[in-house]
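Trainee: Need coordinates for the following:
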Amino acid sequence: MATLLPRTNDALKINPPTGDDFALSVHGSDWLWAVTAIYTLSLLIVIGLAYFAKSGEKIFHYLFTISLFVGAVSYFTMASDLGSTPVETSSNRRGTREIFYARYINWFVGWTPLLTAIGLISGVSWSTIVYNVALSWAWVATWLSGALVATHYKWGFFAFGLLAYFLLSASLLHTGSITASRTGINNHYFFIAGWLVFIWLLYPIAYGVDDGGNKIKVTAGFIFFGILDLLTVPVLSFVILILASRWDYGALNLYFTQYGRVSQGGTFPEREKVAPAEPAAAPAAAVVEPATV
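Mentor: A predicted model of the protein is given here:
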């Protein structure tokens with residue numbers, strides 16, 4: 001069977017690594033292909049589940065489809081040894097390290113639908129959702145900037161990104177828990193938000209030993225980040241979809257997708273129409289005849 005179906009990975013031969021001293025290995029590419037397969041399989045499952053969900057209960061399927069799609073494309077790119085650039089290391093062994101900016105694109109785009117979903121679950125205002133998304137963008141952008149810096153000034157960008165993480169975590173755990181208590185799903189919300197904040201707490205450690213501190217090899221860094229990414233998007237997506245089957249979408253005010261968008265003053269053909277009751281006739285005014293003089 002091995003002769004009939006040989007298993008090869010020629011990605012690094014077709015797309016040679018850009019880093020001369022610290023670059024992706026063949027085993028690292030194999031791991032990235034495995035993560036790509038998990039993302040792709042999760043994407044197909046979520047798309048399939050969307051066709052069985054009720055018309056007003058597909059918002060989370062739509063959001064997670066975007067996150068999983070972006071993750072699958074990003075990991076396909078990195079498994080193919082694309083989406084990277086060489087950067088001089090600033091600590092430990094001197095040399096050139098292969099920095100994959102595709103990793104940060106995945107976080108920048110893929111975390112946005114995830115945070116939007118968590119914001120909808122908590123019941124916070126749209127301004128708070130935009131605030132949370134913007135903080136995640138600032139976090140990822142500063143870390144990408146730091147990863148591309150060849151001097152110790154990269155740790156300044158790391159500190160700014162860490163500040164964005166703490167502000168985002170405070171918003172998810174404090175503001176979100178207050179509004180979630182109004183809808184009666186505060187226990188579920190605290191579990192979801194707590195899971196995400198805890199997993200994200202491990203990202204600074206991974207960044208510090210990988211793109212930042214250059215203490216582990218590129219392949220080891222991908223194993224670390226790959227596990228965290230799987231726990232952040234695919235696992236959390238299915239957890240939310242399972243818990244969502246127990247929620248009252250009406251109480252969560254998430255039925256805005258049920259009938260689609262219509263023009264101002266338009267009609268909803270799908271909505272059951274009830275003829276309005278005829279208004280009661282007003283009693284006739286009594287006519288007073290003028291007195292005869």
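
Trainee: quick one: buried residues of the top helix by length along the chain?
Mentor: Identified as the longest helix of the chain according to DSSP state H is helix 26-50. Within helix 26-50, the residues that qualify as buried are 28-29, 31-33, 35-36, 38-40, 42-43, 45-46, 49-50, counting by 16 or more other CB atoms under 10 Å. From N, CA and C alone the C-beta is placed, and that goes for glycine too.

Trainee: pLDDT weak spots in the stretch 51-200 of the chain?
Mentor: Counting by pLDDT under 70, the ranges of the stretch 51-200 of the chain that qualify are 92.

Trainee: For the helix or strand just after the longest helix of the chain, C-alpha coordinates in CSV please.
Mentor: The helix or strand immediately downstream of helix 26-50 is helix 59-79, counting by DSSP states H and E. Output in CSV follows, covering the C-alpha atoms of helix 59-79 (Å, rounded to 0.1, in the frame of the first residue of the first chain):
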residue,chain,number,x,y,z
ILE,A,59,-25.7,33.6,13.1
PHE,A,60,-23.0,31.6,15.0
HIS,A,61,-22.7,29.2,12.0
TYR,A,62,-22.0,32.2,9.7
LEU,A,63,-19.4,33.7,12.0
PHE,A,64,-17.5,30.5,12.7
THR,A,65,-17.5,29.7,9.0
ILE,A,66,-15.5,32.8,8.4
SER,A,67,-13.0,32.1,11.3
LEU,A,68,-12.5,28.5,10.2
PHE,A,69,-12.2,29.4,6.5
VAL,A,70,-9.5,32.0,7.2
GLY,A,71,-7.7,29.6,9.5
ALA,A,72,-7.8,26.8,6.9
VAL,A,73,-6.3,29.1,4.2
SER,A,74,-3.7,30.5,6.6
TYR,A,75,-2.5,27.1,7.7
PHE,A,76,-2.5,25.9,4.1
THR,A,77,-0.2,28.8,3.3
MET,A,78,2.2,28.1,6.2
ALA,A,79,2.2,24.4,5.5
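
Trainee: Which parts of this protein are strands?
Mentor: 84-88, 96-100 (DSSP state E).

Trainee: Residues contacting the last one, please?
Mentor: Taking CB atoms under 8 Å, 6 or more residues apart in numbering as the criterion, the residues outside strand 96-100 that touch it are 17-24, 78, 83-89, 147-148, 211, 214, 218.

Trainee: Kindly calculate the angle that that strand makes with strand 84-88.
Mentor: 140 degrees (axes from the mean of the first three to the mean of the last three CA atoms, to 10 degrees).

Trainee: Run through the residues that contact the residue nearest to residue 113 when sequence neighbours are not counted.
Mentor: Counting by CB to CB, 6 or more residues apart in numbering, the nearest residue to residue 113 once its immediate chain neighbours are dropped is residue 63, at 3.9 Å. Going by CB under 8 Å, 6+ apart, residue 63 touches 113-114, 116-117.

Trainee: Try it again at 7 Å.
Mentor: Contacts for residue 63 (CB atoms under 7 Å, 6 or more residues apart in numbering) come out as 113, 116-117.

Trainee: Would you mind listing which of these are buried?
Mentor: Neighbour-count burial (16+ other CB under 10 Å) is assigned, among the contacts of residue 63, to 113, 116-117.

Trainee: Out of the residues you listed, which sit inside helices?
Mentor: 113, 116-117.

Trainee: can you put those in CSV and add distance to residue 189?
Mentor: Output for those, formatted as CSV (distance: CB to CB, whole Å):
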residue, distance to residue 189
113, 17
116, 14
117, 11
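
Trainee: quick one: which of these is nearest to residue 57?
Mentor: Nearest to residue 57 among those, counting by CB to CB, is residue 117 at 12.7 Å.
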